[in-house]
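A.B. asks: Provided below for reference: sequence and predicted model.
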Amino acid sequence: MEEYEVINIPVSDGTEKEFAIMNVFMAGEQTYAAVSLIEGDEIKEGVYLYRYREAEDGDAVVEHIVEPAEYKRAVKVYEKL
């Protein structure tokens with residue numbers, strides 16, 4: 001299995017789940033991450049998009065995309081990759 005960077009992201013039920021960072025890409029001036037859920041030792045199908053940046057310590061930081069227009073722009077760029 002290919003190795004991916006793993007990040008914990010809070011989900012709607014208040015818990016955190018592990019996600020694999022599948023791709024990091026630019027759309028305009030903003031960087032985004034495409035992540036997929038990890039269950040057990042498997043990466044599940046499906047991709048979620050988040051804003052992405054690296055913290056000063058080098059850790060990956062993701063943020064929800066709240067504006068529909070920004071999300072559509074990120075999806076459009078991701079689909080072309």
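C.D. replies: Cool, the structure landed. Numbers count the residues shown, from 1 in each chain.

A.B. asks: and the gap between Met26 and Arg73?
C.D. replies: From Met26 over to Arg73 the distance is 11 Å, taken as C-beta to C-beta, to the nearest Å. Glycine gets a C-beta too; all of them are placed from N, C-alpha and C.

A.B. asks: Give me the more crowded residue out of these two.
C.D. replies: Arg73 (16 against 11; other C-beta atoms under 10 Å).

A.B. asks: Do a quick rundown of the strands in this structure.
C.D. replies: 5-10, 16-27, 30-39, 42-43, 48-54, 60-63 (DSSP state E).

A.B. asks: From the contact counts, what lies against the fifth one?
C.D. replies: The criterion is 3 or more C-beta pairs under 8 Å, 6 or more residues apart in numbering; DSSP states H and E, and the helices and strands that strand 48-54 contacts are strand 30-39, strand 60-63, helix 68-80.

A.B. asks: Can you add distance to Asp13 and give those back as JSON lines?
C.D. replies: Formatted as JSON lines, those follow (distance: least, C-beta to C-beta, whole Å):
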{"stretch": "strand 30-39", "distance to Asp13": "13"}
{"stretch": "strand 60-63", "distance to Asp13": "18"}
{"stretch": "helix 68-80", "distance to Asp13": "22"}
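
A.B. asks: rank those by pLDDT, which is bottom?
C.D. replies: The minimum mean pLDDT among the helices and strands packed on strand 48-54 belongs to strand 60-63 (a mean of 91).

A.B. asks: neighbouring contacts of it?
C.D. replies: Contact partners of strand 60-63, identified using C-beta atoms under 8 Å, 6 or more residues apart in numbering, comprise Glu5, Ile7, Ile9, Ile21, Ala33, Val35, Tyr50, Arg51, Tyr52, Arg53, Glu54, Ala55.

A.B. asks: Within the sheet, what are the partner strands of that strand, with directions?
C.D. replies: Strand pairing for strand 60-63, determined by DSSP bridges: strand 48-54 (antiparallel).

A.B. asks: what's the angle from the strand it pairs with to strand 5-10?
C.D. replies: Here strand 48-54 runs at 110 degrees with respect to strand 5-10, directions being taken by axes from the mean of the first three to the mean of the last three C-alpha atoms, to 10 degrees.
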